[in-house]
Structures are given as structure tokens and as C-alpha cells.
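Chemist: Okay, predicted coordinates and the sequence, questions at the end:
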Amino acid sequence: MTTNDPRHYDIIVSPVITEKATHASEHNQVIFRVAPHATKPQIKEAVEKLFDVKVKHVNTLIHKGKVRNFRGRRGVLSDVKKAVVTLEEGHRIDVTTGL
């Protein structure tokens, strides 16, 4: 696969930019929203190819969608899969600049 493989862009949906994610970046971790069908090896390969870094390991979690009321009607927020990517020492990703 090449660096510009469109499948990598389908796996990594967006970076998560929150206070907790900023704190994790101090420990060489980056948090991404990923596709629900993405596996840990696919996420690792996509991050390594897109950002040109070395990944130590990947942890994933699925945040279940909540039931909310929208203008008196009941709705359900979507489930979101996140990946916490730990990078090797000396590698960094600045998610604020984009690709």
C-alpha cells in the first residue's frame, strides 16, 4: 500500500481534541475517532502511514450513544469508536495542524 491509500483516510475519521486528549498527549498518546469496523492492526498501519510515525500500541473503546430528547422527540446519538494510540519515544503528532 502507498502512503496516499484512501483506505487509511476511511479508518481514521478525526482527531479528538479535548482537555483529556491534551493531557494524554503529554504522555505520548494521541486519541482518534475511527471507523466502527476498524481493527487495531488497521488503525496502527493507518496512523503510521498517514503521519510517518512509529506506533507502540493501540487501545480501542466504543462509546455507546445516549438517548436524548430533541424538541420533544426522542433520539439516539450514534455509537463512536475511539482509538488511543501510544507512540514510540521521539515521535510526535501535532493534530492541530492537520494533514
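Modeler: Everything's here; your move.

Chemist: what residue ranges in this protein score low on pLDDT?
Modeler: 1-4, 96-99 (pLDDT under 70).

Chemist: Name the residue closest to the centre of the protein, please.
Modeler: Phe32 (1.5 Å; C-alpha atoms, centre = their mean).

Chemist: what helix or strand does it sit in?
Modeler: In the assignment (DSSP states H and E), Phe32 maps to strand 29-34.

Chemist: Contacts for the following helix or strand past that strand next, please.
Modeler: Counting by DSSP H and E, the next helix or strand C-terminal to strand 29-34 is helix 40-51. By C-beta atoms under 8 Å, 6 or more residues apart in numbering, the residues outside helix 40-51 that reach it are 1, 3, 5, 7-9, 11-12, 30, 32, 34, 38, 53-55, 57-58, 60, 83, 85, 93, 99. For every residue, glycine as well, the C-beta is placed using N, CA and C.

Chemist: Narrow those to just the buried residues.
Modeler: 8, 11-12, 30, 32, 34, 38, 53, 55, 58, 83, 85, 93 (16 or more other C-beta atoms under 10 Å).

Chemist: Would you mind putting the residues you listed into a markdown table with distance to Glu19 alongside?
Modeler: Shown next, in a markdown table, are the buried ones among the contacts of helix 40-51 (distance: C-beta to C-beta, whole Å):
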| residue | distance to Glu19 |
| --- | --- |
| His8 | 28 |
| Ile11 | 25 |
| Ile12 | 21 |
| Val30 | 15 |
| Phe32 | 17 |
| Val34 | 21 |
| Ala38 | 25 |
| Val53 | 23 |
| Val55 | 23 |
| Val58 | 22 |
| Ala83 | 18 |
| Val85 | 18 |
| Ile93 | 18 |
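
Chemist: quick check, nearest of the residues you listed to Asn69?
Modeler: The nearest member of the buried ones among the contacts of helix 40-51 to Asn69, counting by C-beta to C-beta, is Val34 at 28.6 Å.
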